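Q: Please find the sequence and the predicted model below.
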Amino acid sequence: MPDLYKINLHIQERLEKNTQDEVGAVEAAQWLDQAGLLPDRKRGLPLRNLLRKGRIAGQEQRPNHKGGRWFIRRLATSMHPDAIVRAR
């Protein structure tokens, strides 16, 4: 079973580091695969399964119905790029 805490934290850290407001599910799945947290198969299927179950912080589907694209929003912003790491 994937570690949801580490997955959510990694996505939020990357968003903060890259100063992005959001990321698409396909790109986030690549981040998680590179970090060894969740394998990227079928263009992010494991991550999309977690999104469908409501397990990813900041998740949003647009349009909000079957077939809509998944995005993950940055939940907090700070002026310091290491703020999330220090808050752990």
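A: In hand now; what should we look at?

Q: SS state for Arg14?
A: helix (DSSP: H, G, I helix; E, B strand; the rest coil).

Q: Make 459 the starting number, not 1.
A: Noted, 459 is the first residue going forward, which turns the last one into Arg472.

Q: my read: it touches Ala487, true?
A: No. Checked against C-beta atoms under 8 Å, the pair Arg472 and Ala487 is beyond contact range at 11.9 Å. Backbone N, C-alpha and C define where each C-beta goes, glycine included.

Q: ok, those two, which is more surrounded?
A: Looking at Arg472 and Ala487 with other C-beta atoms under 10 Å, you find the greater number of neighbours at Ala487, namely 26 against 20.

Q: And the helices in the chain?
A: Using DSSP state H, the helices found in the chain span residues 462-475, 483-492, 503-510, 541-545.

Q: what's the distance between the closest residue to Asn466 other than its chain neighbours and Ala534?
A: In space, Asn466 comes closest to Ala515 once its chain neighbours are excluded; the distance is 4.6 Å by C-beta to C-beta, 6 or more residues apart in numbering. Distance from Ala515 to Ala534, counting by C-beta to C-beta, to the nearest Å: 10 Å.

Q: measure stretch 514-526 end to end?
A: Start and end residues of stretch 514-526 are separated by 16 Å (C-alpha to C-alpha, to the nearest Å).

Q: hmm, back to that, please name the residues that touch the residue nearest to Asn466.
A: Residues in contact with Ala515 (C-beta atoms under 8 Å, 6 or more residues apart in numbering) are 466, 469-470, 530, 533.

Q: With neighbour count, pLDDT and distance to Pro497 added, can I get the residues you listed in a markdown table?
A: Formatted as a markdown table, the contacts of Ala515 follow (neighbours: other C-beta atoms under 10 Å; pLDDT from 0 to 100; distance: C-beta to C-beta, whole Å):
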| residue | neighbour count | pLDDT | distance to Pro497 |
| --- | --- | --- | --- |
| Asn466 | 19 | 96 | 17 |
| Ile469 | 27 | 96 | 15 |
| Gln470 | 18 | 94 | 20 |
| Ile530 | 25 | 97 | 18 |
| Leu533 | 13 | 91 | 25 |
